[in-house]
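Chemist: take this sequence and fold it.
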Amino acid sequence: MDINKLDTLLSSDGIVFLTYGGFLSQALIVGMTEALEKEAQVNDVSLKVSTNIFTIFIELAQNMMNYSKQKSKEGFDPKGLIVVGYNNTKNEYYILSRNVISALDKEKIEPKLKEVQALDKESLKNLYRELRKSSRGKHEKGAGIGFIEIARRCDAIEFTFSPIEENSYFFVIKTIIHNTQES
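Modeler: Predicted coordinates:
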């Protein structure tokens, strides 16, 4: 791979706060969150925006750990790619993740993402409260409460599923946070 092309791609939007590809663990997520906090301080990111970035980053990283179906000799590894950056032209932050998921997980995730994508902020808030009160799906893989939390904290969600093999897909999700959010 040409490292100059990668550098151009990563810097074309503006500031890239964090880029990571590979094995994910809870300890690594904590370390990356600390690095993001320092980047937010250095770049004077507002408290509300930075909190939203951290929360979405953690939710997406957890999602990659829970759903990743990257094959290895030992079975499946929680591997993925995650990028946190700022687009100067659009004055917005983005958090993008990509990992391999099974066709079965795609069938669980896609309807939940379409549902949260279609809801306005008030409806998301109400659905979140309803799920938290009822404990329905709480701490259950595929419950969708993480996607609701993500949708509540960003201004837009984009996602794609690209087939790799018969039973696996690249799952890409991108969230956008406008820099104009109130502090």
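
Chemist: state the mean pLDDT of whichever strand or helix holds Phe17.
Modeler: Assigned by DSSP states H and E, Phe17 belongs to strand 14-23. Averaging pLDDT along strand 14-23 gives 77.

Chemist: tell me the mean pLDDT for the helix or strand just after it?
Modeler: Next in sequence after strand 14-23, counting helices and strands by DSSP H and E, comes helix 26-42. Helix 26-42 shows a mean pLDDT of 87.

Chemist: what does stretch 108-117 contact?
Modeler: The contact list for stretch 108-117, computed with C-beta atoms under 8 Å, 6 or more residues apart in numbering, reads 67, 101, 124, 127, 142, 144, 147-148, 150-151, 157, 159, 161, 171, 173. For every residue, glycine as well, the C-beta is placed using N, CA and C.

Chemist: which of these lies closest to Val30?
Modeler: Using C-beta to C-beta, Ile150 is the member of the contacts of stretch 108-117 that lies nearest Val30, at 18.9 Å.

Chemist: list of residues touching the strand or helix carrying that closest one?
Modeler: Element membership of Ile150 [criterion: DSSP H and E] is helix 145-153. Contacts with helix 145-153, where a contact means C-beta under 8 Å, 6+ apart, come from 51-52, 55-56, 59-60, 62-63, 109, 112-113, 116-117, 119, 121, 124-125, 127-128, 131-132, 137-138, 157, 175, 177.
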